[in-house]
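*Asks:* kindly generate the corresponding structure for this input.
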Amino acid sequence: MALKGNKGDWSEIYTLFKLLADGKVYSGDGNLNKYEDLFFPILKILRLENEIKYQYKINSIKGNIAILGGKQELVISQNQFRGMAQTLYHYIKESKSNGSKKALSFPDIESFMHDIYCDTVKAKSVNKTDIRMVIHDMRTGMQPELGFSIKSKLGGKSTLVNTSQDVTNFLYLIEGIDDQQAAKFNSMKYFKDKFGFLDELKCNVKFCGLLTQVFENNLVYIDTSLPVIISESLLRYYSSSDRKVSDIIDFLTHKNPLNFNYSTGKNAPNIMDFYARKFKQFLLAYALGMTSAKAWNGIYEANGGYLVVKEDGDVLCFHFYDRNELEDYLFYNTAFETPDTDRHKYGKIYKEGGAFYLKLNIQVRFI
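*Replies:* As a prediction, the model looks like this:
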């Protein structure tokens with residue numbers, strides 16, 4: 001049976017080929033610019049296939065890759081990996097330009113994969129880790145084994161914060177509305193019109209909390225202010241044309257709903273730092289370890305950071321050691337999105353115990 005996968009899945013195989021061919025990975029900044037003088041030599045890449053742990057050891061001096069873990073040790077030239085990476089890159093780009101949404105299959109790539117003991121398009125991952133590598137950190141001299149999450153700009157826009165019915169719903173109390181007005185609100189198609197209607201009625205919208213204690217606990221675990229900050233972010237997103245995370249947080253900066261005390265002291269942070277810092281912590285936690293449905297213990301599963309496949313085929317590393325760059329990448333390259341309202345049961349005012357309530361759901365996607 002042919003191996004099939006979407007563009008994002010095949011991007012993981014491309015990343016494997018590309019990194020083995022290059023023998024190193026460059027760091028990038030928050031705008032996906034490469035730091036030419038900052039890179040990490042890769043000693044080996046680890047891949048789990050059919051419960052067998054394969055090692056792809058890089059010998060850049062000899063220009064080859066030793067593959068261990070199979071019935072016999074294989075030695076493949078880096079140039080062969082480089083050629084297969086270039087071929088796969090063109091296949092993925094061509095399928096993207098054609099607008100294909102079908103599962104993709106590339107027989108020549110699949111044949112090479114079988115030769116190197118790679119039998120699945122998407123390797124078995126542990127939590128948020130897509131690839132494990134042993135790198136040489138020239139700044140510390142250490143050679144840690146690290147897990148990285150892979151995000152690709154060759155495929156569709158992937159989600160960072162995935163939505164889930166009720167689990168990611170935020171609850172609001174709507175004051176100053178009656179049954180007839182609630183029905184009119186619910187009949188409207190667009191959220192911007194709905195919130196415009198509430199403004200006309202001079203309704204008061206109060207954040208009550210999250211629908212699940214686990215997700216709320218996770219947010220509080222990161223920062224006690226996060227539930228309110230995210231609830232205010234959602235109100236801004238659904239009531240305006242703002243989408244980008246950075247734009248919405250900039251709005252909150254000026255609104256300052258938490259009334260942070262802005263000091264004009266010489267070394268004091270400005271208000272933007274308060275809101276951006278806290279939201280960046282949320283995005284980082286979600287990127288590297290936390291989910292909405294499971295209690296989080298603060299451990300980052302993808303302890304290496306992020307690998308981003310750019311549209312030109314470059315692979316950039318956002319190492320956890322360079323936390324500020326990784327946070328900036330997440331902050332400036334994501335936007336809020338509207339999940340399906342019927343599926344996730346939100347977006348309509350309902351009455352309970354004589355009071356009116358509204359649920360809003362969070363989903364954040366890379367842009």
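*Asks:* pLDDT at the nearest residue to residue 41 once chain neighbours are set aside, what is it?
*Replies:* When the adjacent residues along the chain are set aside, residue 41 lies closest to residue 136, with 4.5 Å between them (CB to CB, 6 or more residues apart in numbering). Where C-beta positions appear, they are placed from N, C-alpha and C, glycine not excepted. What the model reports as pLDDT for residue 136 is 87.
*Asks:* roughly how far apart are residue 136 and residue 76?
*Replies:* 21 Å (CB to CB, to the nearest Å).
*Asks:* higher neighbour count, the two?
*Replies:* residue 76 (17 against 14; other CB atoms under 10 Å).
*Asks:* ramachandran angles for the more buried one?
*Replies:* When read as degrees, to the nearest 10, the backbone of residue 76 gives phi -120, psi 140.
*Asks:* from residue 106, how far off is it?
*Replies:* Here the criterion is CB to CB. By it, residue 76 lies 18 Å from residue 106.
*Asks:* looking at it, the residue nearest to residue 41 is touching residue 40, isn't it?
*Replies:* Yes - counting by CB atoms under 8 Å, residue 136 touches residue 40, with 6.7 Å between them.
*Asks:* could you pull out the strands for the stretch 251-367 of the chain?
*Replies:* Taking DSSP state E, counting those that start in this stretch as the test, the strands found in the stretch 251-367 of the chain are 305-309, 315-319, 334-336, 350-352, 355-361, 364-366.
*Asks:* neighbouring strands - and their directions - for the last one?
*Replies:* In this case it means strand 364-366. Partners of strand 364-366 in the sheet, by DSSP bridges, are strand 159-161 (antiparallel), strand 334-336 (antiparallel).
*Asks:* report the mean confidence score over it.
*Replies:* Strand 364-366 comes out at a mean pLDDT of 94.
*Asks:* list of residues touching it?
*Replies:* Strand 364-366 has contacts (CB atoms under 8 Å, 6 or more residues apart in numbering) with 151, 157-161, 245, 283, 286, 333-337.
*Asks:* need phi/psi at residue 189.
*Replies:* Torsion angles, degrees, to the nearest 10, at residue 189: phi -80, psi -40.
*Asks:* any idea how far residue 338 is from it?
*Replies:* 12 Å.
*Asks:* so for the two, which residue has more residues nearby?
*Replies:* Set residue 189 next to residue 338 and count neighbours by other CB under 10 Å: residue 338 wins out with 17 against 7.
*Asks:* which ones are touching residue 93?
*Replies:* So residue 93 contacts residue 154 (CB under 8 Å, 6+ apart).
*Asks:* now with 10 Å?
*Replies:* When contacts are counted by CB atoms under 10 Å, 6 or more residues apart in numbering, residue 93 touches 7, 154, 311-313.
*Asks:* dump those into TSV; add pLDDT, neighbour count and distance to residue 237 as well.
*Replies:* Listed next are the contacts of residue 93 as TSV, based on pLDDT from 0 to 100; neighbours: other CB atoms under 10 Å; distance: CB to CB, whole Å:
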residue	pLDDT	neighbour count	distance to residue 237
7	89	21	27
154	87	21	27
311	92	11	26
312	94	10	31
313	95	17	33
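*Asks:* show the contacting residues for residue 309.
*Replies:* Contacts for residue 309 were tallied using CB under 10 Å, 6+ apart; they are 8, 11-12, 14-15, 18, 89, 92, 150-155, 315-316.
*Asks:* partners of it in the sheet?
*Replies:* For residue 309, the beta-bridge partners are residue 152, residue 315 (DSSP bridges).
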